[in-house]
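**Student:** Give me coordinates for this.
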Amino acid sequence: MELICPACQARFRVDASRIGPTGRKVRCGRCQHEWVQHRPEEGPVLAAAGAGGMAAGALGAAVPALETGASSDSPLAMKAFAPGTGSLRLGDDGAGAGSLLAGWLLFFLVAGAILLGAWYKREWIVENAPAAAQIYALMGIEVGPPLEALQLYDVTSVRRTVEGQRLLVVEGKILNTSEQTLAVPELQAEISAPDGEVLVEWRFVVDEGELLPGASATFETSTQNPPREGNLAIVFVGAPS
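**Tutor:** Below you'll find the model as predicted:
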């Protein structure tokens with residue numbers, strides 16, 4: 001059977017059996033116009049150009065315009081037989097739209113997984129690729145230093161009385177064990193009872209704001225009137241408990 005594109009008048013020869021008894025969506029290979037084509041009684045048919053209209057100038061019986069969604073087979077490209085025409089593709093009746101929707105859904109799922117991984121693993125990413133810190137900064141995300149790379153050692157405490165005030169003086173060192181320069185975060189000292197209740201706590205900072213790879217820094221801090229007994233702990237602020 002012969003088909004004529006209602007948009008550009010390109011002519012095509014298509015096996016009527018490929019159209020099917022209930023019609024099929026077709027696409028002009030020349031101008032990409034789509035319409036639903038029904039099998040004619042005889043001769044070539046000019047498909048309707050708009051919904052609700054009747055085809056005009058057909059060599060056979062006129063065919064009313066139809067909504068898309070008629071049954072069809074897999075897409076098939078047809079060669080034109082008249083000069084100046086292109087190929088005609090038989091549509092897949094919505095299967096293409098379904099595939100497109102599934103593709104977008106898969107894209108968003110993969111993108112979401114990547115974003116979640118970039119969020120929860122941001123410290124690890126910055127530690128292994130320091131340049132990534134600038135990307136996070138552009139997005140307004142502050143990535144703190146990998147606290148496990150900063151180690152406390154030689155921590156000591158001594159009680160002193162200065163001008164009648166009882167003091168607990170704490171001294172120690174911080175070592176950068178990583179291969180990158182790290183900012184030193186604020187520290188917190190805690191004195192807790194044997195049952196775990198925190199009796200006294202205070203925060204302090206070290207003079208060195210950052211440490212080069214392998215470098216260390218000393219710190220000293222104190223509190224007045226400490227409890228007579230308790231357990232002392234020094235932690236980085238923001239470190240997981």
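**Student:** Only C-alpha atoms, please: export stretch 184-194 in CSV.
**Tutor:** Taking Å, rounded to 0.1, in the frame of the first residue of the first chain, the C-alpha atoms of stretch 184-194 are listed here in CSV:
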residue,chain,number,x,y,z
VAL,A,184,43.5,21.7,63.7
PRO,A,185,39.9,21.8,65.1
GLU,A,186,38.9,23.0,68.5
LEU,A,187,39.5,20.6,71.4
GLN,A,188,37.4,19.8,74.4
ALA,A,189,38.5,18.6,77.8
GLU,A,190,36.2,16.6,80.1
ILE,A,191,36.5,15.4,83.7
SER,A,192,33.9,12.7,84.4
ALA,A,193,32.9,10.7,87.4
PRO,A,194,33.4,6.9,87.5
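**Student:** Any idea how far that stretch is from the middle of the chain?
**Tutor:** 38 Å (Cα atoms, centre = their mean, to the nearest Å).
**Student:** I'd like the next helix or strand past the helix of greatest length in the chain.
**Tutor:** Ranked by residue count under DSSP state H, the longest helix found in the chain is helix 95-120. Per DSSP states H and E, the first helix or strand lying C-terminal to helix 95-120 is helix 122-128.
**Student:** For that next one, which helices and strands make contact with it?
**Tutor:** Packing partners of helix 122-128 (3 or more Cβ pairs under 8 Å, 6 or more residues apart in numbering; DSSP states H and E): helix 132-138. For every residue, glycine as well, the C-beta is placed using N, CA and C.
**Student:** what packs against whichever helix or strand comes after the helix it packs on?
**Tutor:** For helix 132-138, the following helix or strand on the C-terminal side (DSSP H and E) is strand 150-162. Contact here means 3+ Cβ pairs under 8 Å, 6+ apart; on that basis strand 150-162 packs against strand 165-176, strand 231-236.
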